[in-house]
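Participant: Only the shape, not the letters, is given here:
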């Protein structure tokens, strides 16, 4: 059981560009929470649709998460960076295809090694 609250500001720069700034908090010890970690996350995201051609989108995000273990007093601070490019095409009225590349990098301030992920996803979606 956990209680989470947050706030988000969403700004539409133009018809094809949007940026979002958000903050979320999951405190311990509220409304019967059984969590042992006090968590706070700040995130910024920028997304651009129709980048150079129609249906090509790109996005960038950065987030900062602070986890405080109440039983041990340890504080874990993690920066996460993400970027992606996706292209979608309607193959028919009901079938669409999406090809996406996503890069994610997680930088834990307490750990010397970085966690990096490169992911390519091909999705076919059929709508009834």
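Facilitator: Structure's in. What do you need? The structure presented is a predicted model; accordingly, all values stated were derived computationally and were not measured.
Participant: Can you pull out the low-pLDDT segments for the chain?
Facilitator: 1-2, 29-35 (pLDDT under 70).
Participant: now the helices for it?
Facilitator: Applying DSSP state H to the chain gives no helices.
Participant: out of all of them, which strand in it is the longest?
Facilitator: Using DSSP state E to define each element, the chain has its longest strand at strand 75-90.
Participant: helices and strands around that one, which ones?
Facilitator: strand 56-69, strand 95-108 (3 or more CB pairs under 8 Å, 6 or more residues apart in numbering; DSSP states H and E). For glycine as for every other residue, the C-beta is placed from the backbone atoms N, C-alpha and C.
Participant: close enough to count as contact, residue 86 and residue 57?
Facilitator: Yes - using CB atoms under 8 Å, residue 86 is in contact with residue 57, at 5.2 Å.
Participant: chain center to stretch 112-127, what's the gap?
Facilitator: 12 Å (CA atoms, centre = their mean, to the nearest Å).
Participant: contacts for it?
Facilitator: Residues from elsewhere that reach stretch 112-127, judged by CB atoms under 8 Å, 6 or more residues apart in numbering: 94-108.
Participant: can you pull the buried residues of stretch 47-64?
Facilitator: 47-49, 57, 59, 61, 63-64 (16 or more other CB atoms under 10 Å).
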